[in-house]
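**Q** how would this look folded up:
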Amino acid sequence: MRKFTIFLALMLFIGLQVAHAQRTISGKVTSSDDGSGIPGATVLVKGTAVGAITDIDGKFSLTVPKDKDILLISYVGMVTKEVTLGTDNVVNVVLEPSVQELEGVVVTALGIPREKKSLGYATQEVKGGDLNIVKTDNFVNGLSGRVAGVQVKTTTNMGGSTNVLLRGSKSLTGNNQALFVIDGVPVNNDITNSTSQQQAGTGYDFGNAASDINPEDIDNINVLKGSAATALYGSRAANGVIMITTKKGVKAAGEQRKGIGVTFNTSAQVGIVDKSTMVEYQKDYGEGYGQYYDGPGGYWYMRYINADGTITVDPKDPATSKLTQWAVTSEDASYGAKFDGKPVYQWDAVDPESPNYLKATPWKAADNGPITFFENASTFVNSLAIENSFKGGNYRMSYTNFTQNGIMPNSKLTKNNVALNATWNVNDRLTVSGYGNYSINKGTGRNSTGYNDNIMGSFRQWYGVNVDIKEQKEMYDKTLRNITWNYADPSNATPIYWDNPYWTRYQNYENDSRNRFIGIRPLPIKSPTG
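**A** Purely as a prediction, here's the structure:
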């Protein structure tokens with residue numbers, strides 16, 4: 001009996017020790033923004049699996065082992081806080097907003113933020129800074145290789161269009177372009193090129209309308225791929241959504257800066273032509289298509305140079321007219337006579353202002369081929385942003401100038417963007433935000449596309465390898481006239497197929513302009529306490 005009494009006393013002592021080895025901690029988790037309680041915050045005893053979730057008012061209660069004195073309080077979008085317990089059993093914690101912690105949150109349809117792990121469809125985020133590593137005339141190009149399942153088809157045209165396909169084409173005849181959405185509102189991404197140009201005919205590529213969006217104003221892009229993700233936008237979003245969130249004038253978490261913030265960014269790039277991508281020309285045969293003409297061996301034209309300096313098929317005066325051998329200037333291929341270095345009259349002997357007027361020159365491949373036609377490209381981007389965040393809201397104003405000189409002579413693209421993004425906290429339960437962007441785009445000397453009237457089509461297919469491009473430039477610079485290599489005939493100094501390429505670039509060039517306003521009307525947004 002005595003032993004049993006001692007055993008009970010011992011068990012009671014152990015129970016008292018266990019009871020004293022833990023304590024109950026209660027408190028409230030609030031937001032630093034407005035002091036409201038944060039429901040659903042996690043309160044965890046560090047080093048254990050013991051924890052609790054705050055209720056609708058942000059309150060919590062949990063039992064903490066005596067040998068543990070640190071709590072970890074966390075919430076999506078807030079900085080995780082570590083609290084060391086003292087003697088007080090009541091702990092109230094204030095959490096600060098965190099930009100970094102939002103990596104697990106994505107913006108979905110209508111601008112609604114959701115935890116990425118809670119979504120039932122595929123989405124992928126691209127940070128705005130990633131799009132600006134290499135400055136291009138179309139920010140959409142920056143998505144290439146960054147998002148799984150996204151096919152970005154670009155062109156090499158200055159300011160050219162970019163086609164975005166999410167998980168392949170869904171229509172054989174319709175539009176397969178993804179829908180672009182800025183801060184929850186769909187925007188136009190039409191391609192305004194002519195029908196002929198879109199069908200690979202003659203025309204100019206003015207770029208898709210989404211290229212008007214200034215990449216310097218983009219905070220992040222979420223690519224929504226599944227039909228469930230795009231249901232709220234209807235049939236327009238059948239091909240997926242490129243969801244763009246713009247930069248706001250919001251301070252980063254923990255930042256103590258006061259007053260207005262000013263940011264200035266500048267960049268410069270230089271590009272050169274990759275000669276390895278240029279067609280390799282044969283240097284054995286000159287202008288012509290074969291043995292189809294009236295000169296020796298069927299490879300040449302025979303024309304008379306008259307006493308007055310005119311060139312004719314028949315002599316004006318047989319006694320004074322001189323019969324001469326000419327290159328076949330009317331042909332734009334190089335299947336003609338073999339180069340032998342012997343003197344022959346060529347395109348530069350036709351015009352009176354040419355230094356080789358009525359002079360025969362060696363029949364050989366040109367020293368300066370089409371690769372010398374191209375120039376070094378350059379791109380300059382300057383961006384200025386003014387932003388401020390205060391108790392009543394925030395704003396961000398920006399201006400960006402983009403200037404690009406292309407690889408073809410007299411080609412230039414300029415873009416000027418002005419944007420304003422503002423948020424007004426009307427009261428604790430209502431926030432109103434709006435966004436506006438005005439862009440002025442000007443293009444000079446865009447290259448023609450398609451089969452006809454395309455300088456690149458000439459250089460890569462229809463060209464006489466005996467024609468020196470630098471001599472073509474010298475003739476244009478001297479006369480400012482269309483002195484071509486491709487005359488209808490030595491006796492008829494009219495271009496038949498191809499003009500002097502420098503005359504085309506400086507006298508017969510394209511120019512265009514496009515002014516566009518993208519305005520997102522003020523949107524009422526409920527605050528977290530609403």
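**Q** quick one: the helices in the stretch 1-150 of the chain, in order.
**A** 2-20, 128-131 (DSSP state H, counting those that start in this stretch).
**Q** same question, the chain
**A** Applying DSSP state H to the chain gives helices spanning 2-20, 128-131, 195-198, 227-230, 455-460, 469-479, 501-507.
**Q** list the contacts of the spatially most central residue of the chain.
**A** In the chain, the centroid-proximal residue (CA atoms, centre = their mean) is residue 139; its distance is 1.9 Å. By CB atoms under 8 Å, 6 or more residues apart in numbering, the residues touching residue 139 are 131, 210, 211, 213, 214, 215, 218. For every residue, glycine as well, the C-beta is placed using N, CA and C.
**Q** PyMOL command to pick out the buried ones of those?
**A** Per 16 or more other CB atoms under 10 Å, the buried members of the contacts of residue 139 correspond to this PyMOL selection:
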select buried, resi 131+210+211+213+214+215+218
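**Q** and the contacts of residue 139 as TSV, adding pLDDT and distance to residue 372?
**A** Shown next, in TSV, are those (pLDDT from 0 to 100; distance: CB to CB, whole Å):
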residue	pLDDT	distance to residue 372
131	76	34
210	81	36
211	83	31
213	84	37
214	85	36
215	85	34
218	88	39
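**Q** adding distance to residue 88, write the contacts of residue 139 out as a markdown table.
**A** Formatted as a markdown table, those follow (distance: CB to CB, whole Å):
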| residue | distance to residue 88 |
| --- | --- |
| 131 | 50 |
| 210 | 57 |
| 211 | 60 |
| 213 | 53 |
| 214 | 53 |
| 215 | 52 |
| 218 | 47 |
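**Q** which sections of the chain are below the confidence cut-off?
**A** Applying pLDDT under 70 to the chain flags residues 1-21, 98-123, 167-174, 194, 197-200, 226-232, 250-259, 452, 520-530.
**Q** okay, domains of the protein per the record?
**A** 19-98, 105-272+377-446+511-526, 282-364+448-507 (automatic domain parsing).
**Q** got those domains as TSV, with distance to residue 370 columns?
**A** Below are these laid out as TSV (distance: least, CB to CB, whole Å):
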stretch	distance to residue 370
domain 19-98	57
domain 105-272+377-446+511-526	11
domain 282-364+448-507	4
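**Q** from residue 476, how far out is residue 508?
**A** 12 Å (CB to CB, to the nearest Å).
**Q** between those two, which has more neighbouring residues?
**A** residue 476 (22 against 12; other CB atoms under 10 Å).
**Q** now the more buried one: how far from residue 485?
**A** Residue 476 is 11 Å from residue 485, by CB to CB.
**Q** overlap in contacts, those two.
**A** Joint contacts of residue 476 and residue 485 (CB under 8 Å, 6+ apart) are residue 500.
**Q** mind exporting the C-alpha coordinates of stretch 486-506 to CSV?
**A** This file holds the C-alpha atoms of stretch 486-506, laid out as CSV (Å, rounded to 0.1, in the frame of the first residue of the first chain):
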residue,chain,number,x,y,z
ASN,A,486,19.3,47.1,-115.1
TYR,A,487,18.5,49.2,-118.2
ALA,A,488,15.9,48.0,-120.7
ASP,A,489,18.6,48.3,-123.3
PRO,A,490,21.9,50.2,-123.7
SER,A,491,19.9,52.2,-126.3
ASN,A,492,17.0,52.8,-123.9
ALA,A,493,18.2,54.1,-120.5
THR,A,494,15.0,53.2,-118.6
PRO,A,495,15.0,50.7,-115.7
ILE,A,496,13.3,47.5,-116.7
TYR,A,497,13.1,45.5,-113.5
TRP,A,498,15.4,47.0,-110.8
ASP,A,499,16.2,50.5,-109.9
ASN,A,500,19.4,51.8,-108.4
PRO,A,501,19.1,50.6,-104.8
TYR,A,502,20.3,53.9,-103.4
TRP,A,503,17.8,55.9,-105.4
THR,A,504,15.1,53.5,-104.0
ARG,A,505,16.3,54.1,-100.4
TYR,A,506,16.6,57.9,-100.7
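**Q** just give me how far that stretch sits from the chain centre.
**A** Averaging C-alpha coordinates over stretch 486-506 and over its chain gives two centres that are 37 Å apart (CA atoms, centre = their mean, to the nearest Å).
**Q** only C-alpha atoms, please: export stretch 308-320 in PDB.
**A** C-alpha atoms of stretch 308-320 as PDB (Å, rounded to 0.1, in the frame of the first residue of the first chain):
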ATOM      1  CA  ASP A 308      26.800  62.300-131.500                       C
ATOM      2  CA  GLY A 309      27.300  59.900-128.500                       C
ATOM      3  CA  THR A 310      23.900  58.200-128.800                       C
ATOM      4  CA  ILE A 311      23.600  54.500-128.500                       C
ATOM      5  CA  THR A 312      21.300  52.700-131.100                       C
ATOM      6  CA  VAL A 313      20.400  49.300-132.400                       C
ATOM      7  CA  ASP A 314      20.900  50.500-135.900                       C
ATOM      8  CA  PRO A 315      23.500  53.000-137.000                       C
ATOM      9  CA  LYS A 316      22.600  56.600-137.700                       C
ATOM     10  CA  ASP A 317      25.400  56.900-140.100                       C
ATOM     11  CA  PRO A 318      27.200  53.700-141.100                       C
ATOM     12  CA  ALA A 319      30.300  55.700-142.000                       C
ATOM     13  CA  THR A 320      30.700  57.300-138.500                       C
END
